[in-house]
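Chemist: got a predicted structure here, sequence first:
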Amino acid sequence: MEPIAWEEMELERLNEKITRQMTSGGSSTVARVLLARGAYVPRHSHVNEQVTMILAGCLKFLFDGGREVFVRPGQVLVIPSGVPHAAEAVEDTIDIDFFTPRREDWIRKEDAYLRTGEPAPKNS
């Protein structure tokens with residue numbers, strides 16, 4: 001149990017607009033995600049509960065039914081397990097995501113939906 005600085009963690013380039021650093025414990029994952037303005041995370045869901053905190057910038061989350069939620073610096077959003085969502089970076093954004101249970105798909109690098117760099121749909 002020793003602290004580690006974000007700067008010492010692998011900086012994983014997922015696509016031209018999204019990079020990520022992460023670490024996992026036995027039952028959780030925490031990640032710092034850097035999203036350039038216009039970065040898009042396609043609609044997906046996961047078994048993990050997600051807690052998102054924005055340090056800088058702004059993320060627009062898109063939920064079924066056309067619901068949009070803007071999360072800004074100092075704000076936290078909890079996304080329950082199994083809830084489909086997408087996200088778009090309204091500005092250059094620094095995002096901290098906490099997941100429980102840990103993100104096995106991210107650990108195994110089986111997260112193709114993040115690596116596509118798919119643009120936001122025209123109606124978003």
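Modeler: Cool, the structure landed.
Chemist: list the contacts of the closest residue to Q75 other than its chain neighbours.
Modeler: Spatially, and ignoring its direct neighbours in sequence, Q75 is nearest to I54 (5.9 Å; C-beta to C-beta, 6 or more residues apart in numbering). Placement of C-beta: from N, CA and C, glycine included. If you count contacts by C-beta atoms under 8 Å, 6 or more residues apart in numbering, I54 has them with V71, R72, P73, G74, Q75, T93, I94, D95, I96.
Chemist: what subset of those is buried?
Modeler: The neighbour-count criterion (16 or more other C-beta atoms under 10 Å) marks V71, T93, D95 among these as buried.
Chemist: any idea how many residues pack against the residue nearest to the second one when sequence neighbours are not counted?
Modeler: Using C-beta to C-beta, 6+ apart and skipping the chain neighbours, the partner closest in space to T93 is G57 (3.0 Å). Burial of G57, expressed as a neighbour count using other C-beta atoms under 10 Å, amounts to 19.
Chemist: next one: phi and psi at W6?
Modeler: Backbone torsions for W6, taken as degrees, to the nearest 10, come to phi -50, psi -40.
Chemist: thinking it is in contact with T23, fair?
Modeler: No - W6 is beyond contact range of T23, at 9.3 Å (criterion: C-beta atoms under 8 Å).
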